[in-house]
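Peer 1: this is the structure alone, sequence omitted:
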């Protein structure tokens, strides 16, 4: 089995995240993509707007009807700062016979050598670099596979700003995520 690993803030999860995950699943022949919300990211100076539990819950409702996409709670349950290497080691221990493919955007790929145990990450998993059509492969010190994914005009920052202003986010986030946000009163105030 080939497992994709796609981490992020997902604050909130939006259509762009899902389109990219599905495209990577299809283009790389992944059996499943683990979407893993970070409990706390090591490179972010500001915290997340929604709690880790809320971000995980939104991810769960977002992927509920998406075959091959799985909301993975391991970093939220682990607590503390989230490091990709820890999740890859856990996945390797849990699924020793399966191959792993870490999915990262081109900007993150450029930073990968500076991540905690970056070289070990490249030994534990193939690296799938997600780029918009026509973009090139960033220079990396290890092999990586270029995965062209559709460009989607959605960002979590924009979604939060629209919600804060009381504007529509139709088409930017799944309906189930919008319902969760409304029910739980998320993103109503400044980040």
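Peer 2: Great, that's in hand. From a predicted model like this one, the values you see are computed outputs, not experimental measurements.

Peer 1: mind checking the pLDDT average for stretch 27-40?
Peer 2: Averaging pLDDT along stretch 27-40 gives 97.

Peer 1: the chain should start at 274 in everything you say after this.
Peer 2: Taking 274 as the first residue, the last one we looked at is stretch 300-313.

Peer 1: now the end-to-end length of it.
Peer 2: The first residue of stretch 300-313 is 30 Å away from its last residue (CA to CA, to the nearest Å).

Peer 1: same check on stretch 433-450?
Peer 2: Per CA to CA, stretch 433-450 runs 12 Å from first to last residue.

Peer 1: now do stretch 358-375
Peer 2: With CA to CA as the measure, stretch 358-375 spans 10 Å from end to end.

Peer 1: just stretch 438-448 next, same as before
Peer 2: Chord length of stretch 438-448, first to last residue, is 18 Å (CA to CA).

Peer 1: can you check stretch 389-402 too?
Peer 2: With CA to CA, one end of stretch 389-402 sits 18 Å from the other.

Peer 1: isn't there a helix covering residue 316?
Peer 2: No - the assignment for residue 316 is coil, going by DSSP: H, G, I helix; E, B strand; the rest coil, so no helix is present there.

Peer 1: in space, what's closest to it - neighbours in sequence excluded?
Peer 2: Closest residue to residue 316 in three dimensions, ignoring its sequence neighbours and counting by CB to CB, 6 or more residues apart in numbering: residue 384, at 7.7 Å. Bear in mind the C-beta positions are built from the backbone N, C-alpha and C, glycine included.

Peer 1: part of a helix, is that neighbour?
Peer 2: Yes - checked against three-state DSSP, residue 384 lies within a helix.

Peer 1: show me where the chain has strands.
Peer 2: Ranges of strands within the chain are 275-281, 305-310, 342-344, 372-378, 399-404, 418-421, based on DSSP state E.

Peer 1: among these, which is the most enclosed?
Peer 2: Most buried of the strands of the chain, by mean neighbour count (mean count of other CB atoms under 10 Å): strand 305-310, with a mean of 24.

Peer 1: that strand - contacts with which helices or strands?
Peer 2: For strand 305-310, the packing partners by 3 or more CB pairs under 8 Å, 6 or more residues apart in numbering; DSSP states H and E come out as strand 275-281, helix 288-301, helix 325-336, strand 342-344, helix 347-351.

Peer 1: out of these, flag the one nearest residue 425.
Peer 2: helix 288-301 (3.9 Å; CB to CB).

Peer 1: which residues touch residue 461?
Peer 2: 436-437 (CB atoms under 8 Å, 6 or more residues apart in numbering).
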